[in-house]
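> What follows is a predicted protein model with its sequence.
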Amino acid sequence: MPEDIEHQALLRRLVEEGELLDNVDVQTADIRELLKNLDPVILRRVLKLRSERQAGDDPQLTASDRMIEAVVRACYYIDEHLDGDLSIDAVAGHVHFSPYHFARGFRDVMGQTVHAYILRCRINRAQTLLTTTALPLIEVAYMTGFSSQSHFTVAFRRQVGKTPGRYRRAGGAN
């Protein structure tokens, strides 16, 4: 898919330029998961900001730029902690914003709520685990941050259109 190639090229360029963002360990990031979830427009904006900084320019960051960087840092934090409790307070605290301000900014940048984004990331990771491992469904549920297999099944069916078991038996085909 050309869009995936563009995602991959942008992310690789960010990785090659050094530390992607403050406090982000790129080596531990699962690039495929990140490609599914990060918008190329956001990646391009981060690239532009980083290249301006590397060129010696001290760009005047607008509130919008700061929010974009906070959202990208939050996306990496979410990706690294999908198996845990990801409350809006925890994610907002990680990027040093108030929960209210962060939730509004996240929705403006990503076009969806923090909760919807987290759920989509968890389902994407579950899809990968279902097609690449033979782990029991309960283990997949816990590894992707769901509190129970029933909660996982309901969320998965709502997002994907079939239960996790049927998804696995179909080999991941929708």
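Great, that's in hand.
> make it CA atoms for all contacts and neighbour counts henceforth
OK.
> Can you give me the neighbour number for Ser147?
Per other C-alpha atoms under 10 Å, the neighbour tally for Ser147 reads 15.
> helices and strands of the chain: which one bottoms out on pLDDT?
Using mean pLDDT, DSSP states H and E, helix 31-37 stands out as the lowest-scoring helix or strand of the chain, at a mean of 48.
> Extract the residue ranges of this protein that are flagged as low pLDDT.
Scanning the chain for pLDDT under 70 picks out 1-62, 173-174.
> you'd agree Leu129 is up against Glu139?
No. Using C-alpha atoms under 8 Å, Leu129 is not in contact with Glu139; the gap is 9.8 Å.
> More neighbours: which of the two?
Neighbour count, other C-alpha under 10 Å: between Leu129 and Glu139, Leu129 has more, with 19 against 15.
> what's near enough to touch the more buried one?
Neighbouring residues of Leu129 by C-alpha atoms under 8 Å, 6 or more residues apart in numbering: 135, 140.
> Dihedrals phi and psi, it?
phi -60, psi -40 (degrees, to the nearest 10).
> what's the burial count for Ala116?
Using other C-alpha under 10 Å, Ala116 has 12 neighbouring residues.
> hey, C-alpha coordinates of the helix or strand hosting it in CSV?
According to DSSP states H and E, Ala116 maps onto helix 114-132. Extracted in CSV, the C-alpha atoms of helix 114-132 (Å, rounded to 0.1, in the frame of the first residue of the first chain):
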residue,chain,number,x,y,z
VAL,A,114,-7.8,9.8,23.2
HIS,A,115,-10.0,6.9,24.2
ALA,A,116,-10.9,6.0,20.6
TYR,A,117,-7.2,6.2,19.6
ILE,A,118,-6.2,3.9,22.5
LEU,A,119,-8.9,1.4,21.6
ARG,A,120,-7.9,1.4,17.9
CYS,A,121,-4.2,0.8,18.9
ARG,A,122,-5.2,-2.1,21.2
ILE,A,123,-7.4,-3.7,18.5
ASN,A,124,-4.5,-3.3,15.9
ARG,A,125,-2.1,-4.9,18.3
ALA,A,126,-4.6,-7.7,19.0
GLN,A,127,-5.1,-8.3,15.3
THR,A,128,-1.3,-8.7,15.0
LEU,A,129,-1.1,-11.1,17.9
LEU,A,130,-4.1,-13.1,16.7
THR,A,131,-2.6,-13.7,13.3
THR,A,132,1.1,-14.2,14.4
